[in-house]
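**Q** Just the structure for this:
(2 chains)
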Amino acid sequence: MSTIATPRSPYTRTPRRGINWEKAGWVYMRVSGVVLVVLILGHLFVNLVLGEGVKGIDFAFVAGKWASPFWQVWDVLMLWLALIHGANGMRTIVNDYASNRGLRVTMKTFIGLAAVILIVLGTLVATTFDPCPQVSPEQLNLLPSFCPPQ
Amino acid sequence: MSVASASRAAKTTPRPGGTLYRGHEGMWSWVLHRITGVAIFFFLLVHILDTALVRLSPEAYNAVIASYKNPLMGIGEIGLVGAIVFHALNGLRIIAIDYWSKGVKYQRAMFWTVIGVWALLMIAFVPRQIMVILSEVQG
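**A** Numbers count the residues shown, from 1 in each chain, chains lettered A, B, ... in the order given. Predicted coordinates:
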């Protein structure tokens, strides 16, 4: 068997080993994108358009939403999908414009760190949230109306 | 006229052929997609941090969220929503170009559809947001 292909043999792709991460990222942008269109436009509609709009947002508003697992799941899903989508987009842009290798690695490290730290922080906040925390007396009026008296 | 200058003249035709991404709707949608994407990413970083304050105390969260309610931020929210809506609609257009067999053929029409739907949604959102800003100013 020779190592040189016979003349005029058609082009064949070199077989790849393992997962094609660049392709996985490409597919991820599209799949997460479709889900995020629904999650984020729904988020904007409920928080900015319905009720009093941004004027109505305060601790009691968030507590009212996160008292239900529906909005907890919605928001945590949005957090993971959006941050990974955004971080992967920023990675693409850094690869396109940062011509210096050291700068590229540094920027992508910061993007990755920001994404991981904020995903962990946001997930902990949304899942360990207490809508009726123990508060100082002057903050009692900031709690949602469904909280039992302290 | 030399052969070299003739071929140079052929290269400076106004519309470059054979590519979606140079010169016209294809390129500008790509530019807008990048700019809105970066802007949304940085807002997202800040937005997760401000929301995390609900875990600290109701007072701390309300103090920071109050800054979102001043009229200047209200205008900024119009920009944010505009960026998100464009990125969302153009993202769907990109998916159609990649997966729909006629996507490439209709990419230009889809770009103007994106702009049209964007304009309709903004016509619905902007007056609503101005109402919210005014009610905040008037207390």
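**Q** What lies in contact with the least confident helix or strand in chain A by mean pLDDT?
**A** Least confident helix or strand, chain A: helix A:59-66 with a mean of 94, by mean pLDDT, DSSP states H and E. Helix A:59-66 has contacts (C-beta atoms under 8 Å, 6 or more residues apart in numbering or on different chains) with A:71-72, A:75, A:126, A:129, A:131-132, A:142-147, B:51, B:54, B:58, B:61-62. (C-beta placed from N, C-alpha, C; glycine too.)
**Q** what does stretch A:76-84 give?
**A** Outside stretch A:76-84, the residues touching it (C-beta under 8 Å, 6+ apart) are A:28, A:32, A:35-36, A:39-40, A:43, A:115, A:118-119, A:122-123, A:126-127, B:44, B:48.
**Q** Can you show me the CA trace of that stretch as PDB?
**A** The C-alpha atoms that make up stretch A:76-84 are tabulated as PDB, following Å, rounded to 0.1, in the frame of the first residue of the first chain:
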ATOM      1  CA  VAL A  76     -31.700  29.500  35.700                       C
ATOM      2  CA  LEU A  77     -32.200  28.100  32.200                       C
ATOM      3  CA  MET A  78     -31.900  31.600  30.700                       C
ATOM      4  CA  LEU A  79     -28.800  32.200  32.800                       C
ATOM      5  CA  TRP A  80     -26.900  29.100  31.600                       C
ATOM      6  CA  LEU A  81     -28.000  29.300  28.000                       C
ATOM      7  CA  ALA A  82     -27.300  33.100  27.600                       C
ATOM      8  CA  LEU A  83     -24.000  33.200  29.400                       C
ATOM      9  CA  ILE A  84     -22.500  30.300  27.400                       C
END
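**Q** Which positions in that stretch come out as buried?
**A** For stretch A:76-84, a neighbour-count test (16 or more other C-beta atoms under 10 Å in any protein chain shown) marks A:V76, A:M78, A:L79, A:L81, A:A82, A:L83, A:I84 as buried.
**Q** rewinding a little: tell me which residues in the least confident helix or strand of chain A are buried?
**A** For helix A:59-66, using 16+ other C-beta under 10 Å, the buried residues are A:F59, A:A60, A:F61, A:V62, A:A63, A:K65, A:W66.
**Q** Render the CA-only coordinates of that helix in CSV, please.
**A** The C-alpha trace of helix A:59-66 is given here as CSV (Å, rounded to 0.1, in the frame of the first residue of the first chain):
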residue,chain,number,x,y,z
PHE,A,59,-37.5,42.8,46.0
ALA,A,60,-41.2,41.9,46.5
PHE,A,61,-41.6,41.5,42.7
VAL,A,62,-38.6,39.1,42.4
ALA,A,63,-39.8,37.2,45.5
GLY,A,64,-43.2,36.8,44.0
LYS,A,65,-41.7,35.3,40.8
TRP,A,66,-39.2,33.1,42.5
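**Q** one step back: only the buried members of the contacts of stretch A:76-84: can you turn that into a ChimeraX selection?
**A** Buried subset of these, written as a ChimeraX selection, criterion 16+ other C-beta under 10 Å:
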select /A:32,36,39,40,43,115,118,119,122,126 /B:44,48
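**Q** Widest-spaced pair of the contacts of stretch A:76-84?
**A** Pairwise distances across the contacts of stretch A:76-84 (C-beta to C-beta) peak at 23.3 Å, for the pair A:Y28 and A:T127.
**Q** thinking again about what came up before, gap between the least confident helix or strand of chain A and the chain center?
**A** Mean-position distance between helix A:59-66 and its chain equals 21 Å (C-alpha atoms, centre = their mean, to the nearest Å).
**Q** One more: stretch A:68-84?
**A** 8 Å.
**Q** what is the mean pLDDT for it?
**A** For stretch A:68-84, the mean per-residue pLDDT is 97.
**Q** what do you get for stretch B:81-96?
**A** Rounded mean pLDDT across stretch B:81-96 is 98.
**Q** Over to stretch B:47-61?
**A** 94.
**Q** Can you name the residues of chain B sitting close to chain A?
**A** B:34, B:37-38, B:40-41, B:44-45, B:48-49, B:51-52, B:54-55, B:57-59, B:61-62, B:65, B:68-69, B:74, B:77, B:81, B:84-85, B:88, B:91-92, B:94-95, B:98-99, B:125, B:128-129, B:131-132, B:135-136 (C-beta under 8 Å from any C-beta of the partner chain).
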